[in-house]
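Asks: Here is my input; please provide its structure:
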Amino acid sequence: MPRPNLLLIHTDQQRWDALGANGNDEIHTPNLDRMAAGGVNLDRYFVNAPVCMPSRASYLTGLYPSELRIFGNGVTLPEDVPTLPEFLGARGYETANIGKLHFHPHADRDHTQPHPDYGFDHLEISDEPGCYKDDYRAWVRERAPDQLDEISIGLPPAAETWQDMMGVEDGIEHRDPRFVADAVPFEADADLTHSAFVGRRTSEYVAAHADDSDPFLCVAGFYSPHSPWVVPQRYLDLYDREEITVPDLPAHLRAERAEREIDEDAPPSQQVTFDEDERRAVRHGYYAMVSEVDRWVGEILDALENAGIADETVVVFTSDHGEDLGDHLTYGKGWPGWDSISRVPMLVHWPEGIESPGRTESDLVEAVDLVPTLLDAAGVAVPSDLQGESFLPLLTDERERYEGRDSALTESRNGKILRTDRYRYTVTADGTEQLFDLETDPGEFHDRSDDDEHADALAGLRHRLIQRTTTVDREGERPIDYQY
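Replies: Below is the predicted model:
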């Protein structure tokens, strides 16, 4: 079998159940569901960090956040850390990134200046939609210069602070505010969104490399469904907002919600109530943004078919972390990494390589396993210092050689998270613990760490976490100066 092309499509902030193939019968994702029906759906796939930059750095290097010493946003991935495109580029692959990469902070730099290549031959970087003078705005300027003032979703607060300090006047019209519960229709033409940029440019890249003798790696980074909820009206119209369901909150969270006071002088992003109408509105915008990504995933899949290379292309769809959607009186991501945050979609489509397509596999898999898997699929030796393990046997006819995991580890500057078949265990640096029994409490609402009936489980999880962190933590190790 010739070496396959590799196409990694990742979104930002897409929780595992924001997908029809994972049992959500309200969300409209026909193309992703088509991908799952023709491939393998790993429905218990966990990221190794609950926020963007450490997660992306981890799953594109095959190293845990603790090895990289990156636990939060704003920390640059060092350029001397080998990445997936470097491993493949050294073996003859053409490599490209289109859209969001987020190895570098985006709020405090000049986006007209070259970005570190991190091993990519081709870079079209745009980490936020329309608010910087980057490749996305250049793409819109080429097609519809008269609509440039309508594409920014708003300047990130950190970027506004940096521009004020540096005296930068970017000349860009920015939408304000950055976050409201209600979705806002995209003001420019629907085919000029950031998702359209990523989808169209990825499709064009695929078509342009269809006849190349060398295989390619293309990483397509969508910003959606990250807030704020700005999306063309056509995708909002796919849903009747009043018909969208939201999970019931337990009594203690309803009581906490009732005691909250709204500061009318606070920014809109802080004036949140978490009532059912607001949570339904948030889901409406979020689902619509997922549906827009789905539309462009469909175009990318069609481009592979039209180019005649779909059979020999490994297509992976995943995300860097999830979104709580108000389920625990929070919006966004982060600690303590509930399933809504740390569990994300993982679809793999590869007609020439997958055995029995249409399967769902429910083994515990970590995002740090992605690089070894793609190298394995490409016939490239997996470097021994990578910390993930290939899940390629789950996709092929060699499942018997897949040892699998008994837990998934997620790391944060707040602490460590261990997810097993039944439990989620968290511990912070000061020793504070939480234990959630997903068998009886799938919403992860009730901490059982002080319950006598869970004492044995708690002790076992402590022991398992010590084992996991002992094998992961290699800080301080230096090469041996071998002599004989």
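Asks: do you know how far I354 is from D146?
Replies: Look at I354 and D146: by Cβ to Cβ, to the nearest Å, they are 46 Å apart. C-betas here are computed from N, CA, C, even on glycine.
Asks: Looking at those two, which is more packed in?
Replies: Using other Cβ atoms under 10 Å, the more surrounded residue of I354 and D146 is I354, with 19 against 9.
Asks: List the single closest residue to the more buried one in space, sequence neighbours excluded.
Replies: Closest residue to I354 apart from its sequence neighbours, by Cβ to Cβ, 6 or more residues apart in numbering: L395 at 5.2 Å.
Asks: after the helix or strand of the chain with the lowest mean pLDDT comes which helix or strand?
Replies: Here the helix or strand of the chain ranked lowest by mean pLDDT, DSSP states H and E is helix 157-166, holding a mean of 89. Of the helices and strands lying after helix 157-166 in sequence (DSSP states H and E), the nearest is strand 184-185.
Asks: now that next one, how far from the centre of its chain.
Replies: Taking Cα atoms, centre = their mean, to the nearest Å, one finds the center of strand 184-185 at 23 Å from the center of the full chain.
Asks: What is that strand packed up against?
Replies: For strand 184-185, the packing partners by 3 or more Cβ pairs under 8 Å, 6 or more residues apart in numbering; DSSP states H and E come out as strand 230-231.
Asks: Can you tell me what sits against the strand it packs on?
Replies: For strand 230-231, contacts defined as Cβ atoms under 8 Å, 6 or more residues apart in numbering pick out 129, 153, 175, 183-186, 193, 224, 285, 288-289, 292.
Asks: State the mean pLDDT of it.
Replies: Strand 230-231 comes out with an average pLDDT of 96.
Asks: gap between it and the chain center?
Replies: Taking Cα atoms, centre = their mean, one finds the center of strand 230-231 at 18 Å from the center of the full chain.
Asks: Show me what that strand pairs with in its sheet, parallel or antiparallel.
Replies: With DSSP bridges as the test, strand 230-231 is paired with strand 184-185 (parallel).
Asks: from the chain's centre, how far out does whatever helix or strand comes next after the partner strand sit?
Replies: Next along the chain after strand 184-185, taking DSSP H and E as the criterion, comes helix 194-208. Relative to its chain's centre, helix 194-208 lies at 19 Å (Cα atoms, centre = their mean).
Asks: Who are the packing partners of the longest helix seen in the chain?
Replies: Secondary structure of the chain read by DSSP state H shows that its longest helix is helix 276-307. Counting contacts by 3+ Cβ pairs under 8 Å, 6+ apart, helix 276-307 is packed against strand 5-11, helix 30-37, helix 194-208, strand 230-231, helix 233-236, strand 313-319.
Asks: For the ones you listed, could you give me CSV that also reports distance to H106 and mean neighbour count?
Replies: Converted to CSV, these look like this (distance: least, Cβ to Cβ, whole Å; neighbours: other Cβ atoms under 10 Å):
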stretch, distance to H106, mean neighbour count
strand 5-11, 16, 25
helix 30-37, 27, 20
helix 194-208, 13, 22
strand 230-231, 17, 26
helix 233-236, 25, 18
strand 313-319, 18, 25
